[in-house]
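Trainee: next one to model:
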Amino acid sequence: MIGTERIRALGEELAMHPGPVVSLYLDVNRARPDNARKAYALRARAAMDRLGLPKRISRSLTARLKMLQGIPEARTLVVFAGTEPEGFFESYALRPELPLVEAEGGVVARCGEAYLAPLLLALREGQRYLVLLLAKDRVRLFVYHLDEAVELDAFVQPLDASGWRPLREHSTGMPGVPARGGSGKDLFEKRVADWRRRFQLEVSRRLDGVLNSLGDDVRIVLLGQAPELATFEAALPPALQALVVERRAAPSNPDAPVSELEPLLAEAVDGIEAEAGRALLDRVEQTGVRGFGPTLEALEEGRVYVLAVPWRMRRRVFRCRVSGRVAPTLADAQRLCPDDVVDDVALADALPELADRHAIRLVLVRGENEARLQAAFDGLAGLTRW
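Mentor: A predicted model of the protein is given here:
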């Protein structure tokens, strides 16, 4: 996934190209039958035709789409291109699904300024997870974000038991004194247990630095065997224990490659986020603001700090061109900014700027939570500061 700084730089680069930019976001997930034989290219052409692009341009871009290679694991393909047949053409094959694409039938097409909203929304909304895989002599660390796991340096503390060897052979460790009742073995195992406890404490102390390097709002997922997980979690300071959101059995191979761990993490994160969405809507029901108009009003008043929006956003808002303020109706927007020009825009296009301006956290809800948000909260809801 390209990061926030790269997206901002990309926007600046694309703005330097003369003429309009064609922006395409395509569902290319090979697991879906309707993507067989690069059918997404045909959907892209139909979407470009609906934009009114000349046939020679849509045909040229479609042909270049069909020639793209190296996207077998991607779920979303993002393309920015010029409106000349041999003009610039930049493509990004991304692992995660992006907001808006499903809502528009698997293809989002725009022509004009580079359209970055789906990328900015995904980065703004995506939760980061620090994953710890507990092995005997090390802890493997991963950052999981937007369907992709990246391994960090592991914490390693080799067990040096060279001085313990007499304790392994039915001995107390004292020359000439025979062991009784397996006391040598018991003492050896106690030393191993003590070493593990010291290692776990050292890891928990160093985790603060790792979390600080990842920024705010990171959650922790633990992978390991049940007894070891419980012992490790108990050794964490309370502040870190509060960040643990999931505990799962580790794969049988502690040295498994990242590619084998990602399906396990995807399943875990799907469950975490579904439960978090339910909990958020429950809290909104008790103390938050709900409804499309009331939530937008509270947002513009600076009262909202967490905003729940549907994954398939179709609503539109009226945005004041200079101030950027938004309202649910034209009349409301004209009251907000009587001397400004008001534009009718998609809510999704306005959200990244709103999130930045009001320092809010976006939560895009799917499935049952999305259906509940639409039916019971009129498609928009939030938690308020006051």
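
Trainee: tell me the pLDDT at the most centrally placed residue in the chain?
Mentor: A centroid search over the chain (C-alpha atoms, centre = their mean) returns Gly126, at 2.8 Å, as the residue closest to the centre. In the predicted model, Gly126 carries a pLDDT score of 80.

Trainee: skipping its backbone neighbours, what lies nearest Val258 in space?
Mentor: In space, Val258 comes closest to Ala149 once its chain neighbours are excluded; the distance is 5.1 Å by C-beta to C-beta, 6 or more residues apart in numbering. Bear in mind the C-beta positions are built from the backbone N, C-alpha and C, glycine included.

Trainee: the one you found: what secondary structure?
Mentor: strand (DSSP: H, G, I helix; E, B strand; the rest coil).

Trainee: tell me the contacts of it?
Mentor: In this structure, Ala149 makes contact with Val131, Phe142, Val143, Val258, Leu261, Glu262, Leu265, judged by C-beta atoms under 8 Å, 6 or more residues apart in numbering.

Trainee: picking up where we left off before, am I right that the residue nearest to the centre of the chain is in contact with Glu148?
Mentor: No. With contact taken as C-beta atoms under 8 Å, Gly126 and Glu148 are classed as non-touching, separated by 10.1 Å.

Trainee: common neighbours of those two, please.
Mentor: When contacts are counted by C-beta under 8 Å, 6+ apart, Gly126 and Glu148 have Pro96 as shared neighbours.

Trainee: hmm, back to that, which of the contacts of Ala149 ranks first by neighbour count?
Mentor: Going through the contacts of Ala149 with other C-beta atoms under 10 Å as the criterion, the one with the most neighbours is Val131, at 25 neighbours.

Trainee: domain assignment for the protein?
Mentor: Domain assignment for the chain, taken from automatic domain parsing, gives 4-120, 128-272, 288-384.

Trainee: can you show me the helices along the chain?
Mentor: Using DSSP state H, the helices of the chain run over residues 4-15, 39-51, 55-67, 117-125, 165-168, 183-214, 226-235, 238-241, 258-287, 292-300, 330-336, 347-358, 367-377.

Trainee: need those in TSV with distance to Leu98, can you?
Mentor: Output for these, formatted as TSV (distance: least, C-beta to C-beta, whole Å):
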stretch	distance to Leu98
helix 4-15	12
helix 39-51	14
helix 55-67	17
helix 117-125	4
helix 165-168	57
helix 183-214	22
helix 226-235	34
helix 238-241	32
helix 258-287	16
helix 292-300	23
helix 330-336	28
helix 347-358	11
helix 367-377	16
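
Trainee: out of those helices, which gets the lowest mean score?
Mentor: Among the helices of the chain, helix 165-168 has the lowest mean pLDDT, at a mean of 48.

Trainee: ok, Lys66 touching Lys38?
Mentor: Yes. Using C-beta under 8 Å, Lys66 makes contact with Lys38 at a distance of 5.6 Å.

Trainee: look at these two and report which has more neighbours.
Mentor: Residue environment comparison for Lys66 versus Lys38 gives the larger neighbour count to Lys38, 18 against 14, counting by other C-beta under 10 Å.

Trainee: ok, the more buried one - contacts?
Mentor: When the contact criterion is C-beta under 8 Å, 6+ apart, the partners of Lys38 are Leu65, Lys66.

Trainee: can you get me a residue count around Glu273?
Mentor: A count of neighbours around Glu273, defined by other C-beta under 10 Å, yields 19.

Trainee: my read is that it contacts Gly126, right?
Mentor: No. Counting by C-beta under 8 Å, Glu273 sits too far from Gly126 to count as a contact (9.9 Å).

Trainee: bridged to the closest residue to Val22 other than its chain neighbours, which residues?
Mentor: Setting aside the residues directly before and after it, Val22 is nearest to Ala81 in space (C-beta to C-beta, 6+ apart), at 4.7 Å. In this entry, Ala81 is beta-bridged to Val22, Phe89, by DSSP bridges.

Trainee: Ala81 - how many residues pack around it?
Mentor: When neighbours are defined as other C-beta under 10 Å, Ala81 has 23 of them.

Trainee: mind checking pLDDT for the residue nearest to Glu148 when sequence neighbours are not counted?
Mentor: The shortest distance from Glu148 to any non-neighbouring residue, by C-beta to C-beta, 6+ apart, is to Arg95 (5.0 Å). In this model, Arg95 is scored at 88, pLDDT.

Trainee: and Ala250, by the same measure?
Mentor: Confidence per residue is given as pLDDT, and for Ala250 that number is 88.

Trainee: ditto for Glu151
Mentor: At Glu151, the pLDDT recorded in the model is 92.

Trainee: coming back round to it: who touches the residue nearest to Glu148 in this structure?
Mentor: For Arg95, the set of contacting residues under the criterion of C-beta under 8 Å, 6+ apart consists of Met1, Glu73, Ala74, Arg75, Leu146, Asp147, Glu148.

Trainee: and these, which is closest to Glu300?
Mentor: Comparing these against Glu300 with C-beta to C-beta picks out Leu146 as the nearest, at 29.0 Å.

Trainee: who's in contact with Leu299?
Mentor: Leu299 makes contact with Leu307, Val326, Leu354, His358, Ile360, Gly382 under the criterion C-beta under 8 Å, 6+ apart.

Trainee: could you give the bridge partners of the last one?
Mentor: Here Gly382 sits in beta bridges with Val289, Leu307, as judged by DSSP bridges.

Trainee: does it touch Leu307 like I think?
Mentor: Yes. Contact status for Gly382 versus Leu307: in contact at 4.6 Å, counting by C-beta under 8 Å.

Trainee: overlap in contacts, these two.
Mentor: Thr295, Leu299, Ile360.

Trainee: the first one: neighbour count?
Mentor: By that I understand Thr295. Counted with other C-beta under 10 Å, residues neighbouring Thr295 total 26.
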